[in-house]
Each structure stands twice: as structure tokens, then as C-alpha cells.
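**Q** Test case, fold it:
(one chain, ligands or ions: 1)
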Amino acid sequence: QVHTRNMPLGKDVDLAKLAEITYGYTGADLAALSKEAAMKALRRALQQKIINPEDPSTFTDDNLKRIQVSMQDFLSAMRETIPSALREIYIEVPKVRWSDIGGLAEAKQELQEMVEWPLKHPDRFKRLGIKAPRGILLFGPPGTGKTLLAKAVATESGSNFISVRGPEVLSKWFGESEKAIREIFKKARMAAPAVVFFDEIDSIAPARGMAVDTGAMDRIVAQLLAEMDSISRLDDIVIIGATNRPDMMDPALLRPGRFDRIVYIPPPDKEARFEILRVHTRNMPLGKDVDLEELANMLEGYSGADIEMLVREAGLIALRENENAASVDARHFLQAMKKVRASITPDMIKFYESWWDRIRQMVARTRAR
Ligand code: ADP
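**A** Below is the predicted model of the structure:
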């Protein structure tokens with residue numbers, strides 16, 4: 001009421017309703033939200049040429065009266081304002097598509113079957129008595145597209161995406177992290193169908209003995225497991241965890257009914273690097289001498305994130321050389337390679353592969369039992 005006091009509100013604006021849905025907004029957030037809603041109304045007035053900033057004669061009382069802040073303005077402003085209290089748990093409608101991801105054909109296919117199909121066609125799964133997996137763990141070197149995959153599967157299945165960064169949950173909800181876990185799942189139920197993505201899940205559910213405050217950690221893991229167990233009846237929430245340090249995770253999380261589908265996200269091979277280059281140079285005018293295939297050959301050990309940075313750097317070098325540059329040429333890429341180095345070493349790959357072997361044996365043993 002305070003922040004909209006002097007605003008020309010449309011008849012449809014229901015402040016009580018807004019109060020209800022702005023859960024987690026602080027006073028400052030509400031002020032920002034109101035301001036943003038008003039800006040939207042103003043932008044619309046400019047677009048519709050009701051007023052023209054260059055022509056003061058358009059600022060008549062009549063014209064100004066035609067500018068009203070509508071409920072829709074508030075709702076679209078809400079989509080852009082993240083409430084501070086929930087900043088580590090916010091719902092987004094992601095825009096990443098499968099085609100934005102280079103390589104990883106196998107992982108895409110697996111996620112399609114495990115997440116997209118059950119979310120899109122729960123009836124088919126029910127009919128055939130197939131249970132969709134609840135928890136999926138993506139592991140692999142940093143920057144290989146784990147977050148991207150989780151977002152894409154949410155987009156492609158028309159789901160909301162709730163992203164939770166492990167370390168943030170721990171620091172912001174210090175001592176109360178199990179409450180945060182409860183909130184996250186509460187939000188997920190409200191936002192279903194939803195993909196809940198736990199990035200760096202090893203940090204909230206570390207193997208016993210790894211954590212400083214074991215008591216608190218045990219409570220978080222217990223809460224997470226309880227929530228995951230209770231989700232079984234709801235078919236439209238899928239939990240995806242990602243980690244670069246699978247060895248540091250509490251193995252209790254990997255038991256059946258929890259993160260029981262484990263997908264290795266390997267560093268990109270030659271073909272994948274070529275595809276990633278293509279994705280990230282989509283809107284870049286390339287010089288005739290740029291051969292992306294040849295470039296992909298040279299990028300052994302580069303992750304998707306490294307490649308993205310390399311492309312941006314090459315573009316910047318071209319601009320620095322000539323601010324009117326019309327294309328990014330081979331020499332710019334070569335120069336960029338000196339600055340942006342490969343982040344994945346053969347030792348890292350060995351580490352992930354050996355963990356993968358161990359886990360697969362463990363899973364085979366439990367299945368056999
Ligand atoms: P991770 O979660 O595995 O650490 P991200 O998915 O956050 O990595 O990737 C970071 C960035 O690197 C992405 O935003 C994207 O621009 C780029 N990237 C990584 N992998 C790929 C890929 N396979 N295809 C296209 N871009 C990628």
C-alpha cells in the first residue's frame with residue numbers, strides 16, 4: 001500500500017492477492033517490485049506513443065491519466081524480481097534447449113527418457129507400470145554442461161526449474177539448513193511439474209567424517225532423504241543433483257529410490273568440441289580461414305565452459321585489434337588459446353572414470369542381492 005500510494009493503479013490490481021503470492025519478499029523487495037511494475041506501465045505508454053519524452057506537449061493530463069499500472073505489470077515484474085529471502089531457492093522458467101548443448105548425446109537421451117517422458121506423459125508410465133526415477137546424479141569435471149543439461153530437460157519438458165546451490169544453502173541458512181531443504185521441496189510442490197536442481201550437492205550431503213559440523217550435516221541429509229522418499233507419490237517432481245566431487249558425497253544418497261540414476265558427464269571429445277564451438281559461434285561472423293573442425297582438434301582438455309570463454313576471448317581480441325572488425329579470424333582464436341587454457345587434465349578424467357567403475361560395481365552388487 002505504501003509503495004503504490006501515488007501510483008495510478010488499474011482496476012484489476014489486487015494488492016491482497018499480490019501480498020499472498022510475494023512470499024519471501026522483504027520491504028525493499030516490494031518497493032523494487034512496485035517500481036518495476038510502474039516502469040513496465042511507462043514503457044508500454046512510450047511504445048504506444050501515448051507520451052513522447054521528446055515532445056513535452058504530449059504530457060497532457062489526459063494522456064497521463066491513460067497510463068495505468070496493471071496487475072499484469074506486477075506479475076511480469078515478479079518474474080524478474082527475486083525475493084532476497086528466497087534468493088537461494090528461486091523458481092525460473094529456463095530457456096536452454098537441447099540444441100544449445102553440444103555433444104553429450106547419450107546424456108541427453110538418458111535425461112529425455114528419465115525426466116522428459118515421465119513429466120510429459122505420466123499416463124503412459126502409469127499404464128505400463130513403470131516408475132520414473134526420482135533422483136538423478138550428474139557427475140563429471142566442472143564446466144562440462146551439467147547445469148545446462150538440467151535446465152534443458154526442464155525447458156523441454158515444460159517444467160519449472162528450481163536451482164539450489166549447495167554452499168549457499170549452507171551459509172545463508174546456517175544452523176537451519178534442514179529448514180531450507182523443507183522450503184525447497186515445499187516450493188517444488190507448489191511449482192510442479194518441476195525439476196529441482198542441487199548444484200554442488202556434495203557440499204550439502206558430504207560423506208560422513210568430511211564435514212565440520214557433523215550433527216547439522218546429518219540433519220540435512222536426513223531431511224533431504226525424507227523429502228525424496230515422500231516425493232514418490234507425486235510423479236511430477238524430479239531431483240537432479242550435480243557434483244564435481246562424487247567421492248565426497250554421502251553414499252546413503254546413492255541408494256535405490258534416491259539418486260539411483262547416475263550419469264557421467266564426460267569432457268567433450270573432438271566431435272562434441274566441434275558442436276560446442278558451433279553453438280557458441282552461432283551469432284559470430286567467422287573469417288573464411290576459421291575451420292571449426294580443425295580448431296576442435298586442437299582443444300583437447302577444454303571443457304564446454306572453457307570453449308565458451310575461448311570464443312568470447314577471440315571476439316574481444318578481434319575488437320581490440322580493430323574496433324570495426326567485421327569477422328573473427330583464425331589468428332584471433334589462436335591468440336585466445338594462449339590466454340584461455342584447457343582446464344581438464346588426464347588425471348581428472350582417470351579419477352572420474354575410476355569412481356564410475358567403482359560405483360557401477362557397487363550398483364550391480366546391490367541389484368544382484
Ligand atoms: P557444470 O554445471 O558442468 O559445471 P555448466 O553447465 O554450468 O557446467 O556450463 C558452464 C557454461 O559452459 C555453460 O553456460 C555453457 O555456456 C558452457 N558449456 C558447458 N558445456 C557445454 C556444452 N556441452 N555445450 C555448450 N555449452 C557448454
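**Q** Run a quick neighbour tally on whichever residue of the stretch 151-300 of the chain sits closest to the ligand.
**A** Nearest residue of the stretch 151-300 of the chain to the ligand (Cβ to the nearest ligand atom) works out as Ile276 at 4.2 Å. Where you see a C-beta, it was placed from the backbone N, CA and C, and this is true even at glycine. Residues lying near Ile276 (other Cβ atoms under 10 Å) number 30.
**Q** Once you drop chain neighbours, what's closest to it?
**A** Nearest in space to Ile276, with sequence neighbours left out and distances taken as Cβ to Cβ, 6 or more residues apart in numbering, is Gly102 at 3.3 Å.
**Q** Next one: the one you found from Asp291, what distance?
**A** Applying Cβ to Cβ, to the nearest Å, the value for Gly102 to Asp291 is 17 Å.
**Q** Need the per-residue pLDDT for the residue nearest to Ile276.
**A** Reported pLDDT at Gly102 in the predicted model: 94.
**Q** likewise Asp12?
**A** 95.
**Q** My understanding was that it contacts Val69; is that so?
**A** No: using Cβ atoms under 8 Å, Asp12 is not in contact with Val69, being 10.1 Å away.
**Q** The two: who's more crowded?
**A** Legend: neighbour count by other Cβ under 10 Å for Asp12 and Val69, higher for Val69 (22 against 11).
**Q** so what's the residue in the stretch 251-369 of the chain positioned nearest to the ligand up against?
**A** Going by Cβ to the nearest ligand atom, the ligand is nearest to Gly304 of the stretch 251-369 of the chain, at 2.0 Å. Applying Cβ atoms under 8 Å, 6 or more residues apart in numbering to Gly304 gives the contacts Gly102, Gly103, Gly143, Thr144, Gly145, Leu148, Pro268, Ile276.
**Q** those strands in the protein, which residues are they?
**A** 90-92, 135-139, 160-165, 194-199, 237-243, 261-264 (DSSP state E).
**Q** Please spell out which residues along the longest one are buried.
**A** Read it as strand 237-243. By 16 or more other Cβ atoms under 10 Å, the buried positions in strand 237-243 come out as Ile237, Val238, Ile239, Ile240, Gly241, Ala242, Thr243.
**Q** Tell me the buried residues in stretch 221-239?
**A** Buried-residue list, stretch 221-239, by 16+ other Cβ under 10 Å: Val221, Gln223, Leu224, Leu225, Glu227, Met228, Ile231, Asp235, Asp236, Ile237, Val238, Ile239.
**Q** nope, stretch 65-81 is what I was after
**A** Ile67, Gln68, Val69, Ser70, Met71, Asp73, Phe74, Ala77, Met78, Thr81.
**Q** Tabulate these (JSON lines), appending distance to the ligand and pLDDT.
**A** JSON lines is the format used below for the buried residues of stretch 65-81 (distance: Cβ to the nearest ligand atom, whole Å; pLDDT from 0 to 100):
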{"residue": "Ile67", "distance to the ligand": "39", "pLDDT": "91"}
{"residue": "Gln68", "distance to the ligand": "39", "pLDDT": "93"}
{"residue": "Val69", "distance to the ligand": "35", "pLDDT": "96"}
{"residue": "Ser70", "distance to the ligand": "35", "pLDDT": "95"}
{"residue": "Met71", "distance to the ligand": "34", "pLDDT": "95"}
{"residue": "Asp73", "distance to the ligand": "31", "pLDDT": "95"}
{"residue": "Phe74", "distance to the ligand": "31", "pLDDT": "95"}
{"residue": "Ala77", "distance to the ligand": "26", "pLDDT": "92"}
{"residue": "Met78", "distance to the ligand": "25", "pLDDT": "88"}
{"residue": "Thr81", "distance to the ligand": "23", "pLDDT": "75"}
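**Q** Show me where the stretch 251-369 of the chain dips below the pLDDT cut-off.
**A** When residues are selected by pLDDT under 70, those of the stretch 251-369 of the chain lie in 366-369.
**Q** redo that, cut-off 80
**A** When residues are selected by pLDDT under 80, those of the stretch 251-369 of the chain lie in 256-257, 260, 362-369.
**Q** which parts of it sit against the ligand?
**A** Counting by Cβ under 6 Å from any ligand atom, the residues of the stretch 251-369 of the chain lying close to the ligand are Ile276, Val279, Gly304, Ala305, Glu308.
**Q** Now Val169. Nearest residue, chain neighbours left out?
**A** Ala180 is the one closest to Val169 (Cβ to Cβ, 6+ apart), at 4.9 Å.
**Q** is it true that the one you found touches Arg165?
**A** No: the pair Ala180 / Arg165 is not scored as a contact, 11.2 Å apart, by Cβ under 8 Å.
**Q** These two: who's more crowded?
**A** Set Ala180 next to Arg165 and count neighbours by other Cβ under 10 Å: Ala180 wins out with 22 against 18.
**Q** What sits closest to Thr155 if chain neighbours are left out?
**A** Sequence neighbours aside, Pro94 is the residue nearest to Thr155 in space, at 4.8 Å (criterion: Cβ to Cβ, 6+ apart).
**Q** Does that neighbour touch Ser157 like I think?
**A** No: proximity of Pro94 to Ser157 does not meet the contact threshold set by Cβ under 8 Å, at 10.6 Å.
**Q** Tell me how far the residue nearest to Ile276 lies from Tyr25.
**A** Taken as Cβ to Cβ, the span from Gly102 to Tyr25 is 38 Å.
**Q** repeat for Tyr302
**A** For Tyr302 relative to Tyr25 (Cβ to Cβ), the value is 42 Å.
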